[in-house]
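Q: Below are the sequence and a predicted model for it; my questions follow.
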Amino acid sequence: MRAYLARRLAAMVPIVILVGTIVFLLIHLTPGDPAVIMLGPDAPDEAVTRLRQELGLDAPLLTQWFRWFQRVLVGDLGTSIFFGLPVTTTIRQHLLPTVLLSALAISFAVGIGVPAGIISAVRRGSLMDQGVTLVAFLGVSVPEFWLALNLVLFFSVYLGLLPVAGYASPAAGLWTSLRYLLLPAFTMGFVQSALIARMTRAAMLDVVVQDYIRTARAKGLSSNRITLHHAFPNALIAVITVVGIIFSVMMGGNVVAETIFTIPGIGQLLITSVLRRDYPVIQGIVLLIAAAYVVINLLVDVVYAAVDPRIRY
Amino acid sequence: MLRRPIVILGGLILIGLLMVAALAPLLAPANPQRMEIADRLKPPSAAHPLGTDDFGRDVFSRVLYGVRLSLAIGIAVVVISTAIGLPVGLAAGYMPRLDNVLMRLMDALMAFPAVILAIALMAALGPSAVNVAVALGIVYSPRMARIIRGSVLVVREFEYVTAARSLGLSDAMIMARHVLPNCMSPVIVQGTFIFAYAVLGEALLSFLGAGVPPHIPSLGTILSGGRVYMGQAPWITVFPGLAIMLLVIGLNLFGDGLRDAFDPRLLRAGTA
C-alpha cells in the first residue's frame, strides 16, 4: 500500500506541473497587455507599469513561469487586484459556504441516488425502475441552472416555503443556514443523483447474478438481508467511483448554484472575478479546484482498498 | 430492436431543430433585436407566440435565433475538439513513444472540471461566440483524444495493419488509410455527446455572463435576461429552457442509439 501511494504521488508530479502551467498560461492567453485589461483602458500609465512590475510581466516567459511556481509552492497565490488582499485570504473567506453546499449536495445525491439504484436493480423492469431510468435520462439533459430557476419559482415564489436566494452562516443558527442551502443543494444533488442511480443499478445487476447470491438465497436469507449485506457491499466500488467523478461536476455546479442563489462561495467568487478581470483570483481558484480534484481521485483509489479487501496495491 | 426508433426519434428532433435554425430568418415573426417598449413583458399572443421580454423583444424570434447559435457553436465545438483530439489520440495510440507525453497532457486538461476550465478560458479570451466555441473545443478535446487512442490501440494490432506495414507503407499512410477509417464510429458517437455538452456549456457560460455578449440572442442570454422577471413573465425563461432540453434530448437519444448500433462491431473488434 505504501509503495502504491508513493507511486501514485510520483505520477501526480507531472500532472501537477502541467496543471500549474495551464493555469499560469491563462493570463498570457489574453489578447493584449494583461495589466491594461485588468486595470481597464482608462487606467493611468503609472498604475499599469506598477502592476506589470508587481506581476513580473516584464521578465521573459520562462523566468515568469519559474517565479510563479516558486511562489505557488510556498502557498503564495498573489494579491487580488479588486480586494487588495492575498488571494489565499480571499479564497479562505469564501470557502465555508462552498464546503457546506457541496457536502449537503453530495448527501442529497447519494441519499437519493443509491437507494433509487438499488431498488431499480432489485425490482428490475418495474415502474420504479423505468421511472429511475427516465429521470436519469432527463437528469443529463436538463440544464442545471434552468432546473434551479424553476425550483425557485415553485418553492420560493409560489409556495413561499424557502428563501429565494441568499446565505446565512451556521453561526446564525443551523436551521436558518439550512433553509438557505436546501434548494441549491437539492438542485445540484438531484441532477447528480440520476448518475449515481444509474451506476448503482448497473453495478447491482452485475452482482445479483453471482453464485454467492444464489447460495445466500438457498440458505433462506431474507431478500433485504441479501441485498444489503451480500449484494450492495460488492457494488460499492462502482458507487465510490461515481462519487469521485461527481465531485468534479459539483465544482462546476457550485458556480451555477452560488450565482443563482447568491451564495458568497468560491463559485460566485470565480464568476465575479471573471467579470472584474481579477486574474490572480481566477488563477488561484482554478488551481485550487484542479488540485482538489487530483487529490480526491487519489483518495478514491485509496478508499477502494479500504472497502474491498480483494484489492491489494 | 429498440435501437432504431431511438436513433430515428433523436434524428427527427435534430433535423427539425436544424431546419428551424436554417429557416430562422423566415420563421421569425420579428427581428430578434427590435425593441418595442410599449409591448414589454406581454404574455404569449397571436402577434408574439411566446410573449415578449423586458425590452419588448419577441421571445419566439429570439429563441429561434438562440437555437441557431447553439447549433452553430455545437458544430464548431465538435470540429475544434476533433481537430485537436484526433491527431493527439491517433499519435498517442499508434506511437507508444508519444503516448505517455500526450496522454499526460490530456490528463492535465481533464484535471480541471469542464465548466471551470471553460470559464477560465473565457476570462482569458474575452466574451464572444467564437471564443465560446474555442474554449469549449479545448475543454472537450481530451475526451475525443482518449476515445480515439482507445480504438487505435485495438485497431493497430489487426492483421491488415501488420500487412500494410510489411508492404512498406509509411506510418502516416497506415494511420490515414488503414487505422483512422476503422476508428470512426466511436468518434461519431463521442461527437454527438460533445455536441450535447457544448449546447449545455454555451447556455451555461452565456447565462453566467462569461459567454456570448448579452445583446446577442443565445438561449443562455435569454434565460439570464428573463431571470429577474420569472414571477411576472415566466415565458421568457420557460421556452428557452425547453429548447435547450429538446436539443440535448435529441442529441443524447441520437448518440445513445448510434452507440448501440455501432456496438456489435466494437465488440467484435474488442475480442479479435
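A: Cool, the structure landed.

Q: surely A:Gly247 meets A:Val294?
A: Just to correct that, residue A:247 is Phe rather than Gly. No - A:Phe247 is beyond contact range of A:Val294, at 11.1 Å (criterion: Cβ atoms under 8 Å). In this view, the C-beta of every residue, glycine as well, is placed from N, C-alpha and C.

Q: More neighbours: the two, which one.
A: Looking at A:Phe247 and A:Val294 with other Cβ atoms under 10 Å in any protein chain shown, you find the greater number of neighbours at A:Phe247, namely 20 against 17.

Q: What helix or strand is that one located in?
A: Secondary-structure element containing A:Phe247, defined by DSSP states H and E: helix A:232-260.

Q: again with A:Leu181
A: Per DSSP H and E, A:Leu181 falls inside helix A:174-208.

Q: That helix to helix A:232-260, inter-axis angle?
A: Following axes from the mean of the first three to the mean of the last three Cα atoms, to 10 degrees, one obtains 140 degrees for the angle between helix A:174-208 and helix A:232-260.

Q: hang on, the earlier thing: flag every buried residue along the helix holding A:Phe247.
A: Buried residues in helix A:232-260, defined by neighbour count with 16 or more other Cβ atoms under 10 Å in any protein chain shown: A:232, A:234-260.

Q: cool, and stretch A:48-60?
A: Judged by neighbour count (16+ other Cβ under 10 Å), stretch A:48-60 contains these buried residues: A:48, A:51-52, A:55, A:57.

Q: follow-up on the earlier one: and the next element down the chain from the helix holding A:Leu181?
A: Going C-terminal from helix A:174-208, and assigning secondary structure by DSSP H and E, you next hit helix A:211-218.

Q: What average pLDDT does the helix or strand following that next one get?
A: Stepping forward along the backbone from helix A:211-218, the first helix or strand reached (DSSP H and E) is helix A:223-225. Per-residue pLDDT values across helix A:223-225 average out to 87.

Q: Touching helix A:223-225 from outside, list them.
A: With contacts defined as Cβ atoms under 8 Å, 6 or more residues apart in numbering or on different chains, helix A:223-225 is touched by A:122, A:216-217.

Q: for the host helix or strand of A:Ala3, the distance to its chain's centre please.
A: Following DSSP H and E, the helix or strand that holds A:Ala3 is helix A:2-26. Mean-position distance between helix A:2-26 and its chain equals 19 Å (Cα atoms, centre = their mean, to the nearest Å).

Q: Quick check: which helices or strands does it pack against?
A: With contacts defined as 3 or more Cβ pairs under 8 Å, 6 or more residues apart in numbering or on different chains; DSSP states H and E, helix A:2-26 has these neighbours: helix A:61-73, helix A:279-307, helix B:96-110, helix B:114-125.

Q: How far does the first one sit from its chain's centre?
A: Distance, stretch centre to chain centre, for helix A:61-73: 27 Å (Cα atoms, centre = their mean).

Q: wait, does it contact chain B?
A: No - on the criterion Cβ under 8 Å from any Cβ of the partner chain, helix A:61-73 is out of touch with chain B, staying 14.5 Å away.

Q: tell me the angle of that helix relative to helix A:2-26?
A: Helix A:61-73 runs at 130 degrees relative to helix A:2-26, counting by the same axes, to 10 degrees.

Q: Likewise for the second one?
A: Per the same axes, to 10 degrees, the angle that helix A:279-307 makes with helix A:2-26 is 160 degrees.

Q: re earlier: could you identify the most distant pair in the buried residues of stretch A:48-60?
A: Comparing all pairs in these by Cβ to Cβ, the longest separation belongs to A:Val48 and A:Leu55, at 10.7 Å.

Q: can you list the residues of the stretch 1-150 of chain A near chain B?
A: So the stretch 1-150 of chain A meets chain B at A:14-15, A:18-19, A:21-23, A:26-27, A:29-31, A:137-138, A:140-146, A:149-150 (Cβ under 8 Å from any Cβ).

Q: please redo it, this time with the cut-off set to 7 Å
A: Residues of the stretch 1-150 of chain A found near chain B (Cβ under 7 Å from any Cβ of the partner chain) are A:14-15, A:18-19, A:22, A:26-27, A:29-31, A:140-143, A:145-146, A:149.

Q: and the residue lying closest to B:Gly220 once chain neighbours are set aside, what element?
A: Distances taken as Cβ to Cβ, 6 or more residues apart in numbering or on different chains put B:Ser206 closest to B:Gly220, at 2.8 Å, once the chain neighbours are dropped. Assigning secondary structure by DSSP H and E places B:Ser206 in helix B:184-208.

Q: Would you mind listing the residues in contact with the residue of chain A found nearest chain B?
A: Using Cβ to the nearest Cβ, the single residue of chain A nearest to chain B is A:Gly252, 2.9 Å away. Listed by Cβ atoms under 7 Å, 6 or more residues apart in numbering or on different chains, the contact partners of A:Gly252 are B:113-116.

Q: Turn those into JSON lines, including neighbour count.
A: Below are those laid out as JSON lines (neighbours: other Cβ atoms under 10 Å in any protein chain shown):
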{"residue": "B:Pro113", "neighbour count": "24"}
{"residue": "B:Ala114", "neighbour count": "22"}
{"residue": "B:Val115", "neighbour count": "26"}
{"residue": "B:Ile116", "neighbour count": "24"}
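
Q: out of those, which one sits closest to chain A?
A: Among the contacts of A:Gly252, B:Val115 lies closest to chain A (Cβ to the nearest Cβ), at 2.9 Å.

Q: what's the pLDDT at the closest one?
A: According to the model's per-residue confidence, B:Val115 sits at a pLDDT of 89.

Q: How about the contacts made by it?
A: With contacts defined as Cβ under 7 Å, 6+ apart, B:Val115 is in contact with A:252, A:255, B:204.

Q: Skipping adjacent residues, who's closest to the second one in space?
A: Nearest non-adjacent residue to A:Val255, counting by Cβ to Cβ, 6+ apart: A:Gly267, 3.6 Å away.

Q: Mind checking what secondary structure B:Leu169 has?
A: Taking DSSP: H, G, I helix; E, B strand; the rest coil as the rule, one finds B:Leu169 in the coil state.

Q: buried subset of the contacts of helix A:223-225?
A: The neighbour-count criterion (16+ other Cβ under 10 Å) marks A:122, A:216 among these as buried.

Q: okay if I get the contacts of helix A:223-225 as CSV plus pLDDT?
A: Supplementary listing: the contacts of helix A:223-225 in CSV, determined by pLDDT from 0 to 100:
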residue, pLDDT
A:Val122, 87
A:Ala216, 89
A:Arg217, 89
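
Q: Looking at the contacts of helix A:223-225, spot the one nearest A:Gly166.
A: Nearest to A:Gly166 among these, counting by Cβ to Cβ, is A:Val122 at 41.0 Å.

Q: Dihedrals phi and psi, B:Thr52?
A: Listed backbone geometry of B:Thr52 is phi -130, psi 160, with angles given as degrees, to the nearest 10.

Q: who's in contact with it?
A: B:39-42, B:58-59.

Q: Who is it paired with across the strands?
A: B:Asp58 (DSSP bridges).

Q: All set now, cheers.
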